[in-house]
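Undergrad: here's my sequence, what's the structure:
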Amino acid sequence: MTEGICVKKTAAIRGLFKRIETNMDSVGRDMPEAFRDVYEWMIRNRIPFAPDMGCIAFYPDMEFTPERFAAEVGFPVNGAAPASEDIRERTLPEATVASVLHVGPYTDLGAAYEALMSWIAAEKKTIAGPFREFYLNDPAVVPESELKTEIHVPVL
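TA: Numbers count the residues shown, from 1 in each chain. The predicted model follows:
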């Protein structure tokens, strides 16, 4: 289920992220592994998580094909955030975004993206940066039908 599209201003978000190269067939395996790597790094290094932010994925390359794409996945942080060879500190800049909330399985996110892209085209907005996904609850705790994902597309 996709809930209403809106435009809003977002603050900059600093976090620790791991970059992965994946495809639509393996993203469901690759993303959780990368999130786990970042999470374990943060726990081992006592890096404080930013409260009430969940976890984030963004797609730094504006070119997307189902056969190959890059994603950076991680967590917003508070305080010092030492990086490692494959986990880097990044700041997502503040932005004006078109936003939609998807409730349901991650495998159904395509419908939310289609609705958002149609809305952006109809409103004659220009995409102005990497897409962002905010995972608002934990798939280990809530049923698939209740997963909440907020999608942000920076627009002008």
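Undergrad: tell me how many other residues crowd residue 155.
TA: 19 (other CB atoms under 10 Å). The C-beta positions use only the backbone N, C-alpha and C, and glycine is treated the same way.
Undergrad: continuing past the longest helix belonging to the chain, what's the next helix or strand?
TA: Of all the segments of type helix in the chain, defined by DSSP state H, the longest one is helix 27-44. Helices and strands here follow DSSP states H and E; after helix 27-44, the next one along the chain is strand 55-58.
Undergrad: contacting residues around that following strand?
TA: Residues from elsewhere that reach strand 55-58 (CB atoms under 8 Å, 6 or more residues apart in numbering): 13, 15, 17, 31, 35, 71-76, 92, 130-135.
Undergrad: how does it look with 6 Å?
TA: With CB atoms under 6 Å, 6 or more residues apart in numbering as the test, strand 55-58 has contacts from 35, 71-73, 75, 130, 132-135.
Undergrad: about what we covered before: can you pull the buried residues of the longest helix of the chain?
TA: 27, 30-31, 34-35, 37-38, 41-42 (16 or more other CB atoms under 10 Å).
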